[in-house]
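Chemist: Return a 3D structure for these sequence lines:
(chains A, B and C)
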Amino acid sequence: MVKTNPGRFFEDYTVGETIHHAVPRTVSGGERALYHALYPARHALYSSDEFARACGLLASPLDDIAAFHVVFGKTVPDISLNAIANLGYAEGRWLKPIYPGDTLRSSSEVIGLKQNSNGKSGVVWVRTKGTNQRDEVVLDYVRWVMVRKRNVDARSPDTFIPELKPALEVGDLVVPEGLTFDNYDYTLAGEPHRWSDYDIGETIDHVDGVTVEEAEHMMATRLWQNTAKVHFDATLREDGQRLIYGGHVISMARTLSFNGLANAQIVAGLNAGAHANPCYSGDTIKAWSEVLDKAETNIPGVGALRLRLVATKGGAPFTLKGEDGKYLPHVMLDLDYWALMPM
Amino acid sequence: MVKTNPGRFFEDYTVGETIHHAVPRTVSGGERALYHALYPARHALYSSDEFARACGLLASPLDDIAAFHVVFGKTVPDISLNAIANLGYAEGRWLKPIYPGDTLRSSSEVIGLKQNSNGKSGVVWVRTKGTNQRDEVVLDYVRWVMVRKRNVDARSPDTFIPELKPALEVGDLVVPEGLTFDNYDYTLAGEPHRWSDYDIGETIDHVDGVTVEEAEHMMATRLWQNTAKVHFDATLREDGQRLIYGGHVISMARTLSFNGLANAQIVAGLNAGAHANPCYSGDTIKAWSEVLDKAETNIPGVGALRLRLVATKGGAPFTLKGEDGKYLPHVMLDLDYWALMPM
Amino acid sequence: MVKTNPGRFFEDYTVGETIHHAVPRTVSGGERALYHALYPARHALYSSDEFARACGLLASPLDDIAAFHVVFGKTVPDISLNAIANLGYAEGRWLKPIYPGDTLRSSSEVIGLKQNSNGKSGVVWVRTKGTNQRDEVVLDYVRWVMVRKRNVDARSPDTFIPELKPALEVGDLVVPEGLTFDNYDYTLAGEPHRWSDYDIGETIDHVDGVTVEEAEHMMATRLWQNTAKVHFDATLREDGQRLIYGGHVISMARTLSFNGLANAQIVAGLNAGAHANPCYSGDTIKAWSEVLDKAETNIPGVGALRLRLVATKGGAPFTLKGEDGKYLPHVMLDLDYWALMPM
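Modeler: You can find the predicted model right below:
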């Protein structure tokens, strides 16, 4: 009997089934320190317990994108070990802050299946939930991946494509319990720009660049217990490069966006995301943002900004797609998310 | 008066003396997070406080091999600074879990000496103990190293070769106090295979590979305060490579072995170990295991598996030695240990 | 309106103004573990809670140089984003130990200005204070940097050069409250040499070398939330190298100096410092020290040693400047500090 995990193949999924993912994880100040060592993370709410308490939270939570990585990482052995491509994200919502000492686990419900016309692979949609030690859901999101079939002759499942919102509405977002920006200190936060200073359509070049290294992306990816081989084993590709986990690019871009969006403290919703082109060691990641929408939440003083966050390696800022409608080769990430910030 | 530590030479050791090693260390969640960033560590007992409590422990302890590194690192300035080779390990036992906040220190008793026939070096056997802040021994093991003489004319000590068990018996192993697998959650642990599913002689290819980088092994080795120059100073070798600490290979192999041995949660005994060939940056480490023995412990439901763990860089799995009885060049580590797992 | 921070230029500073720097930070065991992974840090007071308590402290504090980095990092966006060179340090004093859970913020008072004769840049002197969550100043120091002008036609400010002590006197140093070396354990600390064993003029070659890697210095520099572009973006220089943060060299040299100065536990004063030549990935850092002065503090048993700490890349130890009075090309750092140690 083979003891190692071969991963699931397309024909192994059934719409409606729930997969409970392995290896729960307790987070501590160690994960936060590492997140700050691996990325230029500077949002004050995630850096200072005092700042977080002044905003009504118990302490400084784990960075929202780090929380996403922890929850996501657990799904890899069950969802994407045999994936050909990570196709998209939708309806991602951060529901509870995660504090040092919290223990996270993940589960995914299969909510859609569609075999590809070539008969060799298919698309699997899952809704993944991250849960803490009190059985509270802290995060949920939909992602879909293209997965190989083990046996091309396996019967094709009935096609079921889930209906997904193109973007969350502000009413879908959950403002952390107790959050207030009434005593918000813009000087300590690093920038004076509040929600009312941003206009729909405005673009921001985040200016700074980071050249990425093999050791860093592997440490980051392992920290989230993401086991996908391509990130670690240089012998899998002829050029000896490792494909960098797309989440590493998300974290780098989000933290670079501090410069211009220092007060967009909280990532509350993930509307969509595309890993447009791969990232390799030696690439220099830069980022730019576009304000896609603005809305007021139901909490006084807490505004929501819908942002496009683009990570690039070279190329001019604010260029995204070519005339053919395809992402330009220097675009690595096109992420669409909601952030909460003082009004 | 020279202030720097020149290390001890062969003629500086006396059978029966105890050396108290410097620099006690308090461990925290930071060490655990770093261990998970540096290695693909996924054993649930060392990842989740909740999982560990369900198994009767106070919280998730420091990974057993990390504990070994902390204790071992302290011995380097006194035992192996002038070592030519790390020859072997025996009778290693993990006696107490180590929790965040615990402070460890190490001491070694010299238990054997044998000068080499060339008169230039000799073999030193030490029994090293790791002790916590309550003076409880948390780990002890024997290792022997070949150490240079300062002065080739120094008098040869009487040869004394300690009697060491070729392998610990199950009765030698210490099951952590309170440990129970009665509520063990195989889904959260990651694999369904229990003790009874493994057969003596069974081999497991752990499949995954990790290409190692200079920055990572140096961070790991420093974290354990291991000061051996060859791991850090690229000018010591003509090819500019640094020799990777053998313990880095042990940790990589043990954590890779999760894939196929996810329930072999606890390393309880170290029977033997050989660093068969050196590891350098750029090598891709893979691992395979062989079940050498099985036994029941005195705790109901807790089984012990004696495992050979082999780390390789290239080559076919399950190949170990050539016709000449020597390790094949792609074999880096041959470790013989006892693990505890649910029956 | 441009949202990103362009940094301040020479004409933006006014003598007497105080700049409150952004992004307060709470430190935990994670920062300590990372400091020990990034540098060969072995001073027992900063490694073991038990050792620190035996010396009268509450627990093992954050390494003094790490504390400096946290406070310094916050000043970069306001002080040195457009700096051409970091010219010097003076009157640095560590006033309170920093424990896990403490939150640090920084502010700087502009204490001097002098436009360069070329009219394109000028020197800015600031006195920076690090403050904890109880509004206690934990560290203060003066540094001066050469900063570009935005507009060469901007009016030159009145020249004001602050009077700075060439070196702190022992009476300026603050011994941490409660510190005692009465129960000091030299074996656990790693060396027998006490204050009385060091002579003024004595030099110590710290012997060990560390070859530095891009991934490591970037992780270190980010951990302190230092955002200076040159440390991260390889596209800024033609050779694709990143300039290593001078503080990385300070930490490496100070931790290497354990070997010969293991009992110089506490950095209490910073008299002066020059980053004599740049450091790049691949350089092998070694260090040597010279005892510049000795003094007794007002606490019985606590002595102060004034030390020159030199970091090199190649070259012979104890060589510092050429016949022209300039630093030799292999000298990267010349630091002058006071350390506290048992008498």
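Chemist: Pick out the residue of the stretch 51-200 of chain A closest to chain C.
Modeler: A:Gly190 (3.4 Å; C-beta to the nearest C-beta). Using the backbone N, CA and C atoms, a C-beta is placed for each residue, glycine as well.
Chemist: OK, contacts around that residue?
Modeler: Taking C-beta atoms under 8 Å, 6 or more residues apart in numbering or on different chains as the criterion, A:Gly190 is in contact with A:42, A:44, A:258, A:262-263, C:5, C:22-23, C:77.
Chemist: Tell me the pLDDT of it.
Modeler: Per-residue confidence (pLDDT) for A:Gly190: 97.
Chemist: The residue nearest to it when sequence neighbours are not counted: neighbour count?
Modeler: Nearest-residue entry for A:Gly190: C:Ala22, 3.4 Å, with adjacent residues in sequence omitted and distances by C-beta to C-beta, 6 or more residues apart in numbering or on different chains. Counted with other C-beta atoms under 10 Å in any protein chain shown, the neighbours of C:Ala22 add up to 25.
Chemist: gap between the two ends of stretch A:272-279?
Modeler: End-to-end distance of stretch A:272-279 (C-alpha to C-alpha, to the nearest Å): 19 Å.
Chemist: could you point out which element follows the stretch of helix or strand A:Leu139 belongs to?
Modeler: For A:Leu139, the element it lies in under DSSP states H and E is strand A:137-148. Note on strand A:137-148: by DSSP H and E, the next helix or strand toward the C-terminus is helix A:186-189.
Chemist: ok, residues contacting that next one?
Modeler: With contact meaning C-beta under 8 Å, 6+ apart, helix A:186-189 is reached by A:43-44, A:48, A:51, A:192, A:194, A:262-263, A:265, A:342, C:20, C:22-24, C:105.
Chemist: Next up, the contacts around the residue of the stretch 51-200 of chain A found nearest chain B.
Modeler: Residue nearest to chain B within the stretch 51-200 of chain A: A:Thr103 (4.5 Å; C-beta to the nearest C-beta). When contacts are counted by C-beta under 8 Å, 6+ apart, A:Thr103 touches A:24-27, A:132-133, B:48-51.
Chemist: Tell me the one of those residues nearest chain C?
Modeler: For the contacts of A:Thr103, the closest approach to chain C (C-beta to the nearest C-beta) belongs to A:Val27, at 10.3 Å.
Chemist: Can you pull the residues of chain A lying near chain B?
Modeler: A:1, A:3-5, A:20, A:22-26, A:28-31, A:33-34, A:77, A:100-101, A:103, A:105, A:133, A:213-216, A:218-220, A:222-223, A:225, A:227, A:229, A:232-236, A:242 (C-beta under 8 Å from any C-beta of the partner chain).
Chemist: Which of these are buried, as a PyMOL select command?
Modeler: To isolate the buried ones among the residues of chain A next to chain B in PyMOL, judged by 16 or more other C-beta atoms under 10 Å in any protein chain shown, type:
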select buried, chain A and resi 3+4+5+22+23+24+25+26+28+29+30+31+33+34+77+100+103+105+133+213+214+215+216+218+219+220+222+223+225+227+232+233+234+236+242
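Chemist: what's the average pLDDT for the longest helix seen in chain A?
Modeler: The residue-count maximum for a helix in chain A (DSSP state H) belongs to helix A:64-79. Mean pLDDT, helix A:64-79: 97.
Chemist: Tell me if it is near chain C.
Modeler: No. Helix A:64-79 stays clear of chain C (C-beta under 8 Å from any C-beta), getting no nearer than 12.3 Å.
Chemist: elements contacting that helix?
Modeler: Helix A:64-79 sits against helix A:29-38, strand A:83-94, strand A:103-115, strand A:121-131, strand A:137-148, helix A:214-223, helix A:246-256, strand A:266-275, with contacts defined as 3 or more C-beta pairs under 8 Å, 6 or more residues apart in numbering or on different chains; DSSP states H and E.
Chemist: do you know which of those lies nearest A:Glu163?
Modeler: strand A:103-115 (9.3 Å; C-beta to C-beta).
Chemist: Okay, buried residues for that closest one please.
Modeler: Applying a neighbour-count criterion of 16+ other C-beta under 10 Å, one finds A:103-115 buried in strand A:103-115.
Chemist: got it, and stretch A:7-14?
Modeler: So for stretch A:7-14, counting by 16+ other C-beta under 10 Å, buried means A:7-13.
Chemist: What pLDDT does the model give the residue nearest to A:Asp140 when sequence neighbours are not counted?
Modeler: For A:Asp140, ignoring the flanking residues on the chain, the nearest one in space by C-beta to C-beta, 6+ apart is A:Lys129 at 4.6 Å. If you check A:Lys129, the pLDDT there is 98.
Chemist: what's across from A:Lys129 in the sheet?
Modeler: Taking DSSP bridges as the rule, A:Lys129 bridges to A:Ser107, A:Asp140.
Chemist: again with A:Trp288
Modeler: A:Asp205, A:Val310.
Chemist: how close does it sit to A:Met252?
Modeler: The gap separating A:Trp288 from A:Met252 is 13 Å, by C-beta to C-beta, to the nearest Å.
Chemist: neighbour count winner among the two?
Modeler: Neighbours per residue, other C-beta under 10 Å: of A:Trp288 and A:Met252, the larger number sits with A:Met252, 30 against 23.
Chemist: For the nearest residue in space to that one that is not next to it in sequence, which three-state class applies?
Modeler: Excluding the flanking residues, the one nearest A:Met252 by C-beta to C-beta, 6+ apart is A:Ile285, at 4.8 Å. Per DSSP: H, G, I helix; E, B strand; the rest coil, the secondary structure class of A:Ile285 is strand.
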